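Student: coords please:
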Amino acid sequence: MNKEFGELSRRLALPEVRQIGIVVRNASKAAEFYSKAFGIGPWFRPKLSNEQHYIKGERPIAPDLDFAIAYAGKIQYEIIEHKGGDSTIYHEHLKKNGEGLHHLGFYVNDFDKRLSAYKERGVGVLQSGVLASGGNAGGSVTKYAYLDTGTIGGVILEIIETRFLTVNIKMSRFWFELGALMGDVEKLRL
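Tutor: Numbers count the residues shown, from 1 in each chain. This is a model prediction of the structure:
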């Protein structure tokens with residue numbers, strides 16, 4: 001392996017896993033189950049003012065999705081329900097595999113550079129998008145991209161970058177609790 005390729009590989013190495021994505025048929029019921037059975041919670045539901053989703057990173061889609069998010073330590077649990085609208089990779093996963101583990105997520109500081117570099121290295125994008133908060137503060141924007149790693153590596157990998165008022169933040173329970181106080185997320189009562 002040449003020196004330049006080795007350096008690029010080190011720079012593109014993924015940080016620690018920070019999110020476990022689970023596709024379900026009913027987000028509220030799943031959140032209640034994980035809360036009662038395993039003590040995971042509290043659960044939060046983002047209030048979004050703007051959603052942009054793309055299949056293969058290019059074709060716009062308009063799905064109706066429901067998310068519930070909680071933390072156990074540093075790990076974020078994201079429950080995703082595809083309620084309708086355009087088909088997504090979540091919907092396809094449900095049809096093919098049923099409910100369960102969908103992806104592992106990694107928080108990054110350099111989303112656009114990484115995504116470009118992964119594409120140059122032949123790693124495709126299954127679905128990507130931008131999510132903007134819509135409460136009183138309304139200042140967070142999250143970019144996400146699901147990398148086409150499932151058929152080779154057995155699980156989809158996702159890169160995630162969230163900025164609050166243009167400052168890159170690592171999502172944590174603290175930010176969701178603050179968002180609940182500011183009206184950007186709903187704290188679920190289970």
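Student: residues near the residue nearest to Ser128 when sequence neighbours are not counted, how many?
Tutor: Leaving aside its chain neighbours, Ser128 sits nearest to Ala145 (4.0 Å; criterion: C-beta to C-beta, 6 or more residues apart in numbering). Heads up, the C-betas are built off the backbone N, CA and C, glycines and all. Burial of Ala145 is recorded as 25 neighbouring residues (other C-beta atoms under 10 Å).
Student: which residues sit in contact with Leu157?
Tutor: Leu157 makes contacts with 14, 103-106, 146-147, 149, as judged by C-beta atoms under 8 Å, 6 or more residues apart in numbering.
Student: how about a cut-off of 6 Å?
Tutor: The neighbours of Leu157, taking C-beta atoms under 6 Å, 6 or more residues apart in numbering as the test, are 104, 147, 149.
Student: average model confidence for stretch 170-183?
Tutor: Average pLDDT, stretch 170-183: 90.
Student: gap between it and the chain center?
Tutor: When C-alpha coordinates are averaged (C-alpha atoms, centre = their mean, to the nearest Å), stretch 170-183 and its chain have centres 16 Å apart.
Student: Next SSE downstream of the one helix or strand in the chain whose mean pLDDT sits lowest?
Tutor: Evaluated with mean pLDDT, DSSP states H and E, the helix-and-strand set of the chain has its lowest mean pLDDT in helix 3-12, which scores a mean of 63. Sequence order places strand 19-24 as the next helix or strand after helix 3-12, per DSSP states H and E.
Student: Does Phe44 touch Ile69 like I think?
Tutor: Yes: taking C-beta atoms under 6 Å as the definition, Phe44 is a contact partner of Ile69 at 5.0 Å.
Student: Surely the residue nearest to Ser128 touches Val125?
Tutor: Yes: under the contact definition of C-beta under 6 Å, Ala145 touches Val125, with a separation of 5.2 Å.
Student: And the pLDDT at Ile152?
Tutor: pLDDT, Ile152: 83.
Student: doesn't it fall inside a helix?
Tutor: Yes: according to DSSP: H, G, I helix; E, B strand; the rest coil, Ile152 belongs to a helix.
Student: Tell me where the model's unsure across the chain.
Tutor: In the prediction, the chain carries residues with pLDDT under 70 at positions 1-11, 135-138.
Student: need the strands for it, in chain order.
Tutor: In the chain, strands defined by DSSP state E lie at 19-24, 44-46, 48-55, 59-61, 63-72, 75-85, 100-107, 125-133, 140-147, 156-164, 167-169, 185-187, listed in chain order.
Student: could you dump the ones you listed to CSV with distance to Lys113?
Tutor: Formatted as CSV, these follow (distance: least, C-beta to C-beta, whole Å):
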stretch, distance to Lys113
strand 19-24, 20
strand 44-46, 26
strand 48-55, 19
strand 59-61, 23
strand 63-72, 26
strand 75-85, 23
strand 100-107, 14
strand 125-133, 14
strand 140-147, 12
strand 156-164, 10
strand 167-169, 13
strand 185-187, 28
